[in-house]
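K.L.:
coords below, sequence missing:
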């Protein structure tokens, strides 16, 4: 009888171990499924993939890497007419306020360089300028007559205003400059692919 009780106790322990192992296995599988599903998002007919915190998407035959999540940069609104205006020109102008903070100017430099590289691949050149005379920058003073022009200003909150040929982007923080960069690259790629 003692042998039978021992055998029963061993079977009960094995069953409990098996059930615990199943729970752990299903929990691990569920974790990976949820994690995988949250790393893929679709916006405007494009699938975005997140790998180690970096978002990317194939748009118009090109893989684009984004600094910000798609829901962040797509929260900014740029008129479709402005996207078409930029995509249809051979030269685009970016002007900035030379009296901005050093951090803002460094971000403008980085965003401008990346946009210039991106636009060059699309057959569009980017020319930089300032919004007012400044001894530090020996580049042209630009205004809306250089259309299309994107004017970058440091501000307390973000806002995109202006006409399709002359957009003014007021960035409430440096991250918003990178959101704008992501938005422009995404929208131009979609426009050149044949749809906005």
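P.N.:
Right, received. Where do you want to start? Quick caveat, the model's predicted, so the values are computed rather than measured.
K.L.:
Can you give me the domain assignment for the chain?
P.N.:
Domain ranges of the chain: 2-38, 78-193, per automatic domain parsing.
K.L.:
Tell me which stretches of this structure form helices.
P.N.:
2-38, 70-73, 80-88, 102-121, 174-193 (DSSP state H).
K.L.:
returning to what we had before: from the domains of the chain, which stretch is densest packed?
P.N.:
Comparing these by mean neighbour count (mean count of other C-beta atoms under 10 Å), domain 78-193 ranks first with a mean of 17. To be clear about C-beta, it is placed using only N, CA and C from the backbone, and glycine gets the same treatment.
K.L.:
and that one, how far apart are its ends?
P.N.:
In domain 78-193, first residue to last residue: 18 Å (C-alpha to C-alpha, to the nearest Å).
K.L.:
for that domain, the distance to its chain's centre please.
P.N.:
The chain centroid and the centroid of domain 78-193 are separated by 15 Å, computed with C-alpha atoms, centre = their mean, to the nearest Å.
K.L.:
quick one: low-confidence ranges for the chain?
P.N.:
By pLDDT under 70, the weakly predicted segments of the chain are 1, 15, 18, 21-38, 195-196.
K.L.:
Export the helices of the chain to TSV and append columns for distance to residue 60.
P.N.:
Formatted as TSV, the helices of the chain follow (distance: least, C-beta to C-beta, whole Å):
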stretch	distance to residue 60
helix 2-38	26
helix 70-73	16
helix 80-88	10
helix 102-121	11
helix 174-193	3
